[in-house]
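A.B. asks: structure of the sequence below:
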Amino acid sequence: MKNDELEYNLFEEFDIGVTSYFHEDSLQNLLAAGKINSEAICLSEEIRRIWFRLNAETWTTDQIRTVPSWKQFFAAGDKLNSLLQTKN
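C.D. replies: Here you go, the predicted model:
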């Protein structure tokens with residue numbers, strides 16, 4: 001992925017969605033509808049926590065690709081994605 005794509009996906013697309021889609025109320029609605037399970041909620045909450053911690057600073061694209069906290073963020077996202085893919 002190109003640097004500008006990475007920055008756009010994170011700081012434009014994901015930043016907008018994490019506030020609403022990863023909010024506790026939204027997650028509880030998805031759980032009640034049977035769309036996700038408790039593991040997905042835990043991962044989503046972890047992703048949201050990490051995001052808000054990381055988003056409080058300014059990062060270069062090189063840092064986003066190499067800093068361990070960002071790797072943790074992407075690993076949690078990959079795990080959530082895999083979990084949701086196997087559910088469907």
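
A.B. asks: quick one: the helices in this structure?
C.D. replies: Here the chain has its helices, by DSSP state H, at 3-8, 15-21, 24-32, 38-54, 61-66, 68-87.

A.B. asks: got a list of what residue 66 touches?
C.D. replies: For residue 66, no contacting residues are found, by C-beta atoms under 8 Å, 6 or more residues apart in numbering. Yep, even glycine has a C-beta here, placed from its N, CA and C like the rest.

A.B. asks: by mean pLDDT, show me the worst of the helices of the chain.
C.D. replies: The weakest mean pLDDT among the helices of the chain belongs to helix 15-21, with a mean of 89.

A.B. asks: return the alpha-carbon coordinates of that helix using PDB.
C.D. replies: C-alpha atoms of helix 15-21 as PDB (Å, rounded to 0.1, in the frame of the first residue of the first chain):
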ATOM      1  CA  ASP A  15     -10.900   7.800  12.100                       C
ATOM      2  CA  ILE A  16     -14.500   8.600  11.100                       C
ATOM      3  CA  GLY A  17     -15.700   5.000  11.600                       C
ATOM      4  CA  VAL A  18     -14.000   4.200  14.900                       C
ATOM      5  CA  THR A  19     -15.900   6.800  16.800                       C
ATOM      6  CA  SER A  20     -19.300   5.500  15.800                       C
ATOM      7  CA  TYR A  21     -18.900   1.900  14.600                       C
END
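
A.B. asks: highest mean neighbour count out of the helices of the chain?
C.D. replies: Highest mean neighbour count among the helices of the chain (mean count of other C-beta atoms under 10 Å): helix 38-54, with a mean of 16.
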